[in-house]
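Q: Show me how the following folds:
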Amino acid sequence: MDDGLRPRDIQARIRAGQSSAQIASATGMDLDKVERFEAPVLAERAHIADRARSTEVRHSAPGRTVDDVVQAAVKARGADPQTLEWDSWRRDDGLWTVTIEFGPDDHRLSGRCTYDLVARAVFAEDDVARSLLDPEAEPATYAAQPAERPRLMSVPPPVSPDDVFDHAQVERVERVESIESIESPSLEAEPVAEEPEPEAARPAPAPARPKPARGKRASIPSWDEILFGVSDSD
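A: Residues are numbered from 1 along each chain as shown. Presented below is the predicted three-dimensional model:
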């Protein structure tokens, strides 16, 4: 493929928010070649956006979702909720950025949120998103305050590669030791050999049967004995 860009590389860029046209322009690839691999990733991005929309809003009425709050806020602004468009892309830290666009074509507004899949929580990243997720706040408040960074509730503190290696190595050693403790026989449970019985306790062997003595073979009379009744020894 052109520039050595593999299908998985194309999809990684689309997942990170780039469009097929942007990838084709940056790499010089044919647009139709790039678009061949975009469908499953665009479906994934739409799915993540839908999950963010269906997230329940905390400190609100039970069952009220982000989508419910945003639609009500857009309608309160005098805009048509039918103009709402949701999208998402995956960031390098593993979280997802969710965009919310609405309004007429000549005056589109866009807000950004952070969606944490693990915590199932949505955090506003800019003023527009905050005004949609918290419609009761005054718009002037957002203009006066700097944008707050979202709190990452489920991302652990960064660790060095050495720490990751050490933890993984310790985990493997503990796993091996655990397996050996189950499979290896205990040293205290050595098999005990059977003790020989005392001589007196052993039954005496049965006497061997005497072999019958062989009898002498009967002698066959000679011809003279038959005719004359006299044996050779006479």
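Q: show me where pLDDT drops low in this protein?
A: Within the chain, the stretches with pLDDT under 70 are 1-4, 135-234.
Q: care to break it down by domain?
A: For the chain, automatic domain parsing gives the domain ranges 1-37, 45-181.
Q: Make TSV out of those and add mean neighbour count.
A: Every C-beta, even on glycine, is put in place using the N, C-alpha and C of the backbone. Formatted as TSV, the domains of the chain follow (neighbours: other C-beta atoms under 10 Å):
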stretch	mean neighbour count
domain 1-37	15
domain 45-181	14
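Q: surely Glu85 meets Gly103?
A: No. With contact defined as C-beta atoms under 8 Å, Glu85 does not count as touching Gly103 (10.0 Å).
Q: can you tell me how far the residue nearest to Thr83 when sequence neighbours are not counted sits from Gly63?
A: With sequence-adjacent residues excluded and distances taken as C-beta to C-beta, 6 or more residues apart in numbering, Thr83 is closest to Phe102, at 4.9 Å. For Phe102, the distance to Gly63 equals 23 Å [C-beta to C-beta, to the nearest Å].
Q: Next: Asp105.
A: From Asp105 to Gly63 the distance is 33 Å (C-beta to C-beta).
Q: For Val122, which three-state class applies?
A: Using DSSP: H, G, I helix; E, B strand; the rest coil, the structure places Val122 in strand.
Q: Contacts only, for it.
A: For Val122, the contacting residues are Ala52, Thr55, Val66, Val98, Cys113, Thr114, Tyr115, Asp116, Leu133, by C-beta atoms under 8 Å, 6 or more residues apart in numbering.
Q: Mind doing that once more with 6 Å?
A: By C-beta atoms under 6 Å, 6 or more residues apart in numbering, the residues touching Val122 are Ala52, Thr55, Val66, Cys113, Tyr115.
Q: now, which of those lie within strands?
A: Secondary structure assignment by DSSP state E places Cys113, Tyr115 of these in strands.
Q: want to try TSV for the contacts of Val122, with distance to Gln11 as columns?
A: Output for the contacts of Val122, formatted as TSV (distance: C-beta to C-beta, whole Å):
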residue	distance to Gln11
Ala52	21
Thr55	25
Val66	27
Cys113	23
Tyr115	20
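Q: Check the contacts of Val122 against Thr27 and report the nearest one.
A: Nearest to Thr27 among these: Tyr115, at 28.8 Å, using C-beta to C-beta.
Q: What distance do you get for the closest one to Val69?
A: 14 Å.
Q: Could you do Gly94 as well?
A: Gly94 sits 25 Å away from Val69, going by C-beta to C-beta.
Q: for the residue nearest to Thr83, which residues make a bridge with it?
A: Assessed by DSSP bridges, Phe102 has beta-bridge partners Leu109.
Q: Please verify my assumption that it contacts Lys75.
A: No. Using C-beta atoms under 6 Å, Phe102 is not in contact with Lys75; the gap is 10.0 Å.
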